[in-house]
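Visitor: pasting the structure only:
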């Protein structure tokens with residue numbers, strides 16, 4: 001019997017997160033059936049953006065985003081850190097490979113709008129927008 005090669009990543013059979021999940025009605029917060037595929041990816045992306053990292057014990061330290069920690073930071077610091085924050089947020093879910101086309105616009109003196117695209121493992125793309133208060 002041959003011993004498996006455990007030193008090679010190619011020998012590992014990694015199983016990605018399943019796509020089928022409960023559909024959450026974002027207006028009521030209630031479960032309203034099941035979703036799969038692109039709808040499930042979009043819902044996962046929305047939930048990652050809506051969850052502050054480290055704020056809820058139900059999630060591990062990798063889940064959510066750190067946008068709340070931008071409050072009180074200088075605008076130029078925020079601009080330089082948005083890519084990192086977004087990419088780390090979506091790295092917690094192996095269905096996503098990264099973020100691209102990040103565009104930031106200032107709404108007023110204490111808020112900005114972030115437009116970006118989340119890239120999924122299957123190469124599909126999800127356009128997202130997030131308003132962030134930083135003062």
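Guide: Received it, and whenever you're ready, just let me know what you need. Quick caveat, the model's predicted, so the values are computed rather than measured.
Visitor: How about residues contacting whatever helix or strand residue 119 lives in?
Guide: Residue 119 belongs to strand 111-120 when elements are defined using DSSP states H and E. If you take Cβ atoms under 8 Å, 6 or more residues apart in numbering as the criterion, strand 111-120 is touched by 41, 45, 75, 78, 82, 86, 90, 95-107, 125-134. For the C-beta atoms, the positions are set from N, CA and C on the backbone; glycine is no exception.
Visitor: so what secondary structure elements neighbour the helix or strand following that strand?
Guide: Per DSSP H and E, the first helix or strand lying C-terminal to strand 111-120 is strand 125-133. Other helices and strands packing on strand 125-133, by 3 or more Cβ pairs under 8 Å, 6 or more residues apart in numbering; DSSP states H and E, are helix 37-50, strand 111-120.
Visitor: Quick check: the gap between residue 113 and residue 74.
Guide: Here residue 113 is placed at a distance of 18 Å from residue 74 (Cβ to Cβ, to the nearest Å).
Visitor: neighbour count winner among the two?
Guide: A count of neighbours by other Cβ atoms under 10 Å puts residue 113 above the other of residue 113 and residue 74, at 13 against 10.
Visitor: Setting aside sequence neighbours, what's the nearest residue to the residue nearest to the spatial centre of the chain?
Guide: Closest to where the C-alpha atoms of the chain average out (Cα atoms, centre = their mean) is residue 90, at 3.3 Å. Nearest residue to residue 90, sequence neighbours excluded (Cβ to Cβ, 6 or more residues apart in numbering): residue 96, at 4.1 Å.
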